[in-house]
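Visitor: What shape does this take:
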Amino acid sequence: KEIEGVWYEIHSLEKNQEVRGVLTIVGGALDKLGMEQELDTSTTLLLKYFHLIDKGKGYGSYWLTSVIIPHYAARGFQSIHVDSSHPKSFPFYEKVGREINSFTKKSDNQLYERRCKSFLISMK
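Guide: Reported below is the predicted structural model:
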């Protein structure tokens, strides 16, 4: 969707000319996205999608802390907000940030309640 004042950037992690990971960052007028939490949109970004092929090898932590965070910190951003409904990802986000909320939401097919958590990752 095109929402005035909202922008996104897609990053890829590649190995041997193959995409091994994808990460999407959203910024700008985040209040237009129906966020339940109030965020300082001038200094906070959203991590909307983060997927790695090779899980559990430290690539995600390295990519996020050594590439993504320095890139956006240099542009003046101070934090990244992420919502996750994947329990296996909770320990990762707890390691790189802090939990700020927990909630449930319906699954995409509307059949199940999914446990979700919100995290804030500081870039300072």
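
Visitor: how about the helices in this protein?
Guide: Using DSSP state H, the helices of the chain run over 59-63, 69-73, 90-96.

Visitor: For Trp7, see how far away the nearest residue to Ile10 once chain neighbours are set aside is.
Guide: Distances taken as C-beta to C-beta, 6 or more residues apart in numbering place Thr24 nearest to Ile10, at 5.2 Å, with adjacent residues excluded. C-beta: built from backbone N, CA, C; applies to glycine. Between Thr24 and Trp7 the computed distance is 11 Å (C-beta to C-beta, to the nearest Å).

Visitor: Ok, His51 next?
Guide: Taken as C-beta to C-beta, the span from His51 to Trp7 is 20 Å.

Visitor: Over to Ser61?
Guide: Where Trp7 is concerned, Ser61 sits at a distance of 26 Å (C-beta to C-beta).

Visitor: Mean pLDDT lowest where, among the helices of the chain?
Guide: Mean pLDDT is lowest for helix 59-63 among those, at a mean of 86.

Visitor: tell me the contacts of the nearest residue to Trp7 once chain neighbours are set aside?
Guide: Spatial nearest neighbour of Trp7, chain neighbours left out: Gly28 (4.9 Å); criterion: C-beta to C-beta, 6+ apart. Contact partners of Gly28, counting by C-beta atoms under 8 Å, 6 or more residues apart in numbering, are Gly5, Val6, Trp7, Thr41.

Visitor: Show me which of those is closest to Ile80.
Guide: Using C-beta to C-beta, Thr41 comes nearest to Ile80 of the contacts of Gly28, at 12.6 Å.

Visitor: which residues sit in contact with the residue nearest to that closest one when sequence neighbours are not counted?
Guide: Closest residue to Thr41 apart from its sequence neighbours, by C-beta to C-beta, 6+ apart: Leu30 at 4.6 Å. Contacts were defined as C-beta under 8 Å, 6+ apart; by that measure Leu30 touches Val6, Leu39, Thr41, Thr44, Leu46.
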